[in-house]
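Chemist: Sequence first, predicted coordinates after that:
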Amino acid sequence: MANTKSAEKAARQAVVHRARNDAATSRLRSAIRKATLAIKSGKHAEATAALNEATPIIDSMVNKGIIHRNKAARHKSRLSKQVRSLAK
């Protein structure tokens with residue numbers, strides 16, 4: 001348990017921050033999952049639309065410090081590569 005006033009406040013803030021980070025992470029995973037399912041459906045137009053929706057969400061998670069920029073780049077790269085392969 002926290003011993004000082006500042007530690008108690010930090011503990012309260014940590015609870016709020018964790019809830020916010022969990023919600024943001026869930027939003028990120030949902031966007032990636034939606035794009036992946038659209039790719040697996042084999043429809044290029046749907047996959048492109050899902051990728052276009054997921055990209056700004058992925059970028060905003062980097063700006064919020066939820067994920068590392070390299071992880072975001074990896075997700076975007078892999079998803080876009082799969083979408084491009086559907087066009088062929």
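Modeler: Perfect, thanks for sending it.
Chemist: Now do the buried residues in stretch 63-73.
Modeler: Ile66, Ile67, Ala72 (16 or more other C-beta atoms under 10 Å). (Glycine included, C-beta is placed from N, CA and C.)
Chemist: nearest to Glu46, of those residues?
Modeler: Nearest to Glu46 among those is Ala72, at 22.2 Å by C-beta to C-beta.
Chemist: Mind pulling up the pLDDT for that closest one?
Modeler: We have a pLDDT of 98 for Ala72.
Chemist: Repeat that for Met1.
Modeler: 77.
Chemist: Count the residues that sit near Leu37.
Modeler: 12 (other C-beta atoms under 10 Å).
Chemist: next one: Glu8
Modeler: Glu8 has 12 nearby residues by other C-beta under 10 Å.
Chemist: secondary structure class for the closest residue to it other than its chain neighbours?
Modeler: The shortest distance from Glu8 to any non-neighbouring residue, by C-beta to C-beta, 6 or more residues apart in numbering, is to Ala2 (4.3 Å). Of the three states, Ala2 takes coil according to DSSP: H, G, I helix; E, B strand; the rest coil.
Chemist: the helices in the chain, which residues?
Modeler: Counting by DSSP state H, the chain has these helices, from start to end: 5-41, 44-63, 69-87.
Chemist: Contacts only, for the residue lying closest to Gly42 once chain neighbours are set aside.
Modeler: Spatially, and ignoring its direct neighbours in sequence, Gly42 is nearest to Leu86 (6.5 Å; C-beta to C-beta, 6+ apart). Residues counted as contacts of Leu86 (C-beta atoms under 8 Å, 6 or more residues apart in numbering) are Ile39, Gly42, Lys43, His44, Ala47.
Chemist: Make JSON lines from those and add distance to Arg12 to it.
Modeler: Formatted as JSON lines, the contacts of Leu86 follow (distance: C-beta to C-beta, whole Å):
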{"residue": "Ile39", "distance to Arg12": "42"}
{"residue": "Gly42", "distance to Arg12": "49"}
{"residue": "Lys43", "distance to Arg12": "47"}
{"residue": "His44", "distance to Arg12": "48"}
{"residue": "Ala47", "distance to Arg12": "43"}
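Chemist: Name the member of those with the most neighbours.
Modeler: Neighbour max across these (other C-beta under 10 Å) = Ala47, 25 neighbours.
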